[in-house]
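Visitor: turn this into a model:
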Amino acid sequence: MFTENISRDGMLLRWEPCGAPVPVVGDMLIVEVELPEQEGFERRCIRCQTTVARAHGEPGANFTWVGLQIHAMDFRVAQTIAGERPAAVYNGRSRVF
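Guide: Down below sits the predicted model:
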């Protein structure tokens, strides 16, 4: 999945086939968005508690637009699991739990 846009109140994701089902309106998701690395600092991410507000597939597209309403967000040290990559991670920038 790719984070297309993010603001204080919402987030737009491009959800591509990953083995995880496309969420439906009303689903609650926790999304982590990795931030760019800065020399001398630990890798950080924004962890967002969200609810799916909209899911829309375009004809002929191999992805679904997923609009999320953000209820809470905080900054954290990014976690990685050696040798294991969750199925919902695509570009290393967004992870859904």
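
Visitor: for the residue located most distally from the centre of the chain, give its distance to residue 70.
Guide: For the chain, the largest distance from the centre (CA atoms, centre = their mean) belongs to residue 40, which lies 25.5 Å off. For residue 40, the distance to residue 70 equals 29 Å [CB to CB, to the nearest Å]. Placement of C-beta: from N, CA and C, glycine included.

Visitor: could you do residue 26 as well?
Guide: Distance from residue 26 to residue 70, by CB to CB: 15 Å.

Visitor: neighbour count winner among those two?
Guide: More neighbours surround residue 70 than the other of residue 26 and residue 70, with 18 against 8 (other CB atoms under 10 Å).

Visitor: mean confidence score for whatever helix or strand that one lives in?
Guide: In this assignment (DSSP states H and E), residue 70 forms part of strand 64-77. Mean pLDDT, strand 64-77: 94.

Visitor: what about that strand, distance to the chain center?
Guide: 7 Å (CA atoms, centre = their mean, to the nearest Å).

Visitor: which other helices and strands contact it?
Guide: Contacts defined by 3 or more CB pairs under 8 Å, 6 or more residues apart in numbering; DSSP states H and E place strand 64-77 against strand 10-15, strand 28-34, strand 44-57.

Visitor: thanks a lot, catch you later.
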